[in-house]
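K.L.:
sequence first, predicted coordinates after that:
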Amino acid sequence: MFDNDMNNNSNESINQTDVNTTDNNYNQFAYGQPAYTNNAYNQQFYSYGNNTANTEGEARSYSSTAATKKKKEKKSSGAVGRFFKKVAIIIASGVLFGAVAGGVMVGIYHVGVPQKEEGIDKETTPDIDIPLVGDSISSVSPEQSDSDGSAVAKMDVSAVAEAVMPAMVALQGTVTTSSSSYPFGGYGSYESKTSGTGIIVGKNDTELLVLTNHHVIDDVNNLECVFADGKTVSCVVKGSKADKDIAVVAVTLKDIEASTLKAIAIAELGDSDSVVLGQEVVAIGNALGEGQSVTDGIISAINRSITVDNVTFEGLFMTNAAINSGNSGGALLNADGKVIAVNFAKTSSDGVEGMAYSIPVSNIRDLIDTLMNKETRKKVSAEEASSMGISGVDITSALSSYYGFPQGVQIRSVVEGSAAQKAGLDKYDIIVGFDDQTVSSMAGLQSILQYYKAGETVKIEYYQLDGNKYVLKTVDITLDKKNK
């Protein structure tokens with residue numbers, strides 16, 4: 001089982017975070033920073049395996065269209081007002097800290113983006129039955145037997161790799177990273193290329209479904225899927241869950257060329273509950289963004305836990321199979337070529353080798369089914385575009401760790417008469433969820449809004465200050481029409 005990040009422990013009680021106290025949920029430094037500390041492993045660094053490369057981009061302010069004009073704020077009074085006046089200064093300094101520290105991320109590499117090829121005729125998509133992998137794998141050698149003479153499964157790495165490779169994809173796109181020109185003032189952003197791995201796990205009448213990590217697709221723009229034959233196709237996030245670090249991506253079948261449909265396969269999910277210590281495994285992933293590669297090893301430990309970006313993941317497998325940047329979302333496979341876990345993090349402190357972590361599929365099978373069956377949304381037209389009527393700043397993982405704030409988007413102003421005001425959202429509230437999707441940045445929230453029409457009602461999850469504690473709340477909000 002897993003602990004939720006800001007919703008953990010109980011669905012029936014209100015989750016609270018003490019602003020003045022840094023508890024165990026907020027004692028980690030940001031992902032990508034060289035300073036992760038886990039209680040079980042003193043001074044050990046944990047890093048996600050997706051791959052990010054910084055590039056220059058235009059600076060832009062973080063504000064929604066409906067709130068572009070600044071409003072003069074009245075001077076705060078009382079203890080809470082004085083507290084937040086200091087917080088504004090702290091956040092500005094913290095954003096600079098995050099931008100500078102981001103320059104020393106572990107595993108930053110430049111990733112080339114293949115040219116997208118023209119798809120097949122939308123009206124003549126062939127009806128191809130995509131095969132399952134594993135049927136051709138002979139993992140048990142007749143010569144191998146245990147003391148009672150029964151056959152023992154022996155790993156054939158080359159056979160597993162050959163069978164499963166068609167079910168593996170590379171996921172790539174760009175992310176908008178916040179930055180600050182402090183002490184000169186103002187917030188801005190720049191574009192970074194990112195890459196990770198996905199596993200083809202199913203299809204429906206119109207879509208091919210790919211399993212990956214949430215952090216691989218979180219806030220990613222122009223998301224693309226690169227198949228085993230090298231063909232690149234645009235894709236969209238069907239659903240994701242940050243506190244499990246799991247997501248499902250959808251690729252429209254009509255966008256995939258006939259030759260590619262014949263070259264791919266669907267991976268089978270295995271029974272991770274039957275995995276034993278010392279069992280041989282194979283890991284496949286888009287390491288360093290260089291394309292799919294294969295490593296092997298054993299299950300080093302079972303039922304382990306780590307904390308990454310203030311989220312504690314439990315019930316994990318530890319493996320000594322090499323897991324590198326870009327491997328996130330890749331498959332950990334048994335001798336039958338079945339997926340027993342999803343690779344997502346590694347220990348990268350000095351002097352530590354062979355400590356990578358994977359999420360057992362039996363722990364997330366119900367979640368995978370739920371995400372695969374969610375409605376896939378398409379971007380709405382400019383005439384139907386929506387807005388909440390807020391401006392906000394990012395509470396990054398670094399700020400969350402350092403000051404004990406929930407990670408998300410802190411509202412800095414609310415437009416009078418807007419959807420947000422009508423729903424009861426207020427300045428300094430921190431938005432963390434939108435229609436069951438995790439919100440970790442203003443850019444991410446704006447990206448999500450592109451798929452929702454004005455007039456739609458959605459559920460918002462947010463933290464509101466109650467005394468000296470942030471209290472998790474939910475509210476329904478009916479979206480406004482976006483001003484042009």
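P.N.:
That came through, no problem.

K.L.:
same question for stretch 475-484, mean pLDDT?
P.N.:
Stretch 475-484 shows a mean pLDDT of 90.

K.L.:
next one: stretch 426-445
P.N.:
The pLDDT scores in stretch 426-445 average 90.

K.L.:
and if you look at stretch 156-165?
P.N.:
On average, the pLDDT along stretch 156-165 is 93.

K.L.:
buried residues in that stretch, which are they?
P.N.:
Neighbour-count burial for stretch 156-165, counted by 16 or more other C-beta atoms under 10 Å, picks out 156, 159, 160, 161, 163, 164. In short, each C-beta sits where N, CA and C put it, glycine included.

K.L.:
and which of those is nearest to residue 448?
P.N.:
Using C-beta to C-beta, residue 164 is the member of the buried residues of stretch 156-165 that lies nearest residue 448, at 32.5 Å.

K.L.:
the helix or strand that contains that closest one - contacts with which helices or strands?
P.N.:
Per DSSP states H and E: residue 164 is located in helix 157-164. Helix 157-164 is packed against strand 280-285, strand 293-308, strand 331-333, with contacts defined by 3 or more C-beta pairs under 8 Å, 6 or more residues apart in numbering; DSSP states H and E.

K.L.:
among these, which comes closest to residue 207?
P.N.:
The nearest among the helices and strands packed on helix 157-164, by C-beta to C-beta, is strand 331-333 at 19.9 Å.

K.L.:
same for the closest one, what does it pack against?
P.N.:
Checking 3+ C-beta pairs under 8 Å, 6+ apart, strand 331-333 ends up next to helix 157-164, strand 280-285, strand 339-347.

K.L.:
low-confidence stretches in the chain?
P.N.:
Within the chain, the stretches with pLDDT under 70 are 1-128, 134-153, 178-189, 347-354, 484.

K.L.:
now the helices for it?
P.N.:
78-101, 157-164, 214-217, 258-263, 361-372, 397-403, 419-423, 442-449 (DSSP state H).

K.L.:
helices or strands next to the shortest one in the packing?
P.N.:
When you say that, I think you mean helix 214-217. Using 3+ C-beta pairs under 8 Å, 6+ apart, helix 214-217 sits against strand 168-180, strand 187-203, strand 236-241, strand 246-252.

K.L.:
now tabulate those in a markdown table and tack on mean neighbour count.
P.N.:
Shown next, in a markdown table, are these (neighbours: other C-beta atoms under 10 Å):
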| stretch | mean neighbour count |
| --- | --- |
| strand 168-180 | 24 |
| strand 187-203 | 23 |
| strand 236-241 | 22 |
| strand 246-252 | 25 |
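
K.L.:
out of these, nearest to residue 327?
P.N.:
Among the helices and strands packed on helix 214-217, the nearest to residue 327 by C-beta to C-beta is strand 187-203 (6.0 Å).

K.L.:
give the pairing partners of the closest one; include direction for each.
P.N.:
Sheet pairing here is set by DSSP bridges, and for strand 187-203 it gives strand 51-54 (antiparallel), strand 168-180 (antiparallel), strand 207-212 (antiparallel).

K.L.:
distance check, the closest residue to residue 427 other than its chain neighbours against residue 265.
P.N.:
Nearest non-adjacent residue to residue 427, counting by C-beta to C-beta, 6 or more residues apart in numbering: residue 411, 5.6 Å away. From residue 411 over to residue 265 the distance is 46 Å, taken as C-beta to C-beta, to the nearest Å.

K.L.:
who has more neighbours out of these two?
P.N.:
The neighbour count for residue 411 versus residue 265, taken as other C-beta atoms under 10 Å, is higher for residue 411 (23 against 20).

K.L.:
among the helices and strands packed on helix 214-217, which is nearest residue 460?
P.N.:
Minimum separation from residue 460 across those (C-beta to C-beta) falls at strand 236-241, 16.7 Å.

K.L.:
need the residues that contact that closest one.
P.N.:
With contact meaning C-beta atoms under 8 Å, 6 or more residues apart in numbering, strand 236-241 is reached by 207, 209, 214, 217-218, 223, 246-250, 367, 370-372, 374, 376-378, 436-438.

K.L.:
for residue 436, list the residues it contacts.
P.N.:
By C-beta under 8 Å, 6+ apart, the contact set of residue 436 is 239, 459.

K.L.:
let's have the helices and strands packed on helix 157-164 in TSV, adding mean neighbour count and distance to residue 346.
P.N.:
Formatted as TSV, the helices and strands packed on helix 157-164 follow (neighbours: other C-beta atoms under 10 Å; distance: least, C-beta to C-beta, whole Å):
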stretch	mean neighbour count	distance to residue 346
strand 280-285	25	11
strand 293-308	18	10
strand 331-333	32	12
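
K.L.:
nearest to residue 422, out of these?
P.N.:
strand 293-308 (36.6 Å).

K.L.:
that closest one pairs with which strands?
P.N.:
Looking at strand 293-308 with DSSP bridges, its partner strands are strand 280-285 (antiparallel), strand 311-319 (antiparallel).

K.L.:
export these to TSV and tack on distance to residue 460?
P.N.:
Listed next are the strands paired with strand 293-308 as TSV, based on distance: least, C-beta to C-beta, whole Å:
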stretch	distance to residue 460
strand 280-285	35
strand 311-319	20
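
K.L.:
which one of the ones you listed lies nearest to residue 304?
P.N.:
Ranking the strands paired with strand 293-308 by their distance to residue 304 (criterion: C-beta to C-beta) puts strand 311-319 first, at 4.9 Å.

K.L.:
list the buried residues of the closest one.
P.N.:
Applying 16+ other C-beta under 10 Å to strand 311-319 flags 311, 312, 313, 315, 316, 317, 318, 319 as buried.

K.L.:
got the angle between that strand and strand 339-347?
P.N.:
If you take axes from the mean of the first three to the mean of the last three C-alpha atoms, to 10 degrees, strand 311-319 sits at 110 degrees to strand 339-347.

K.L.:
hmm, residue 397 is touching residue 310, no?
P.N.:
Yes - here residue 397 reaches residue 310: they are 6.4 Å apart, a contact under C-beta atoms under 8 Å.

K.L.:
what residues does the residue nearest to residue 427 make contact with?
P.N.:
Shown in contact with residue 411 (C-beta under 8 Å, 6+ apart): 390, 391, 392, 420, 425, 426, 427, 428, 429, 430, 431.

K.L.:
can I have the buried ones of these as a PyMOL selection?
P.N.:
Burial among the contacts of residue 411 is assessed by 16+ other C-beta under 10 Å; the matching PyMOL selection reads:
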select buried, resi 390+391+392+420+425+428+429+430+431
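
K.L.:
with the contacts of residue 411 in mind, which one is nearest to residue 454?
P.N.:
Closest approach to residue 454 among the contacts of residue 411 (C-beta to C-beta): residue 420, at 13.7 Å.

K.L.:
and the closest one, how far from residue 391?
P.N.:
10 Å.
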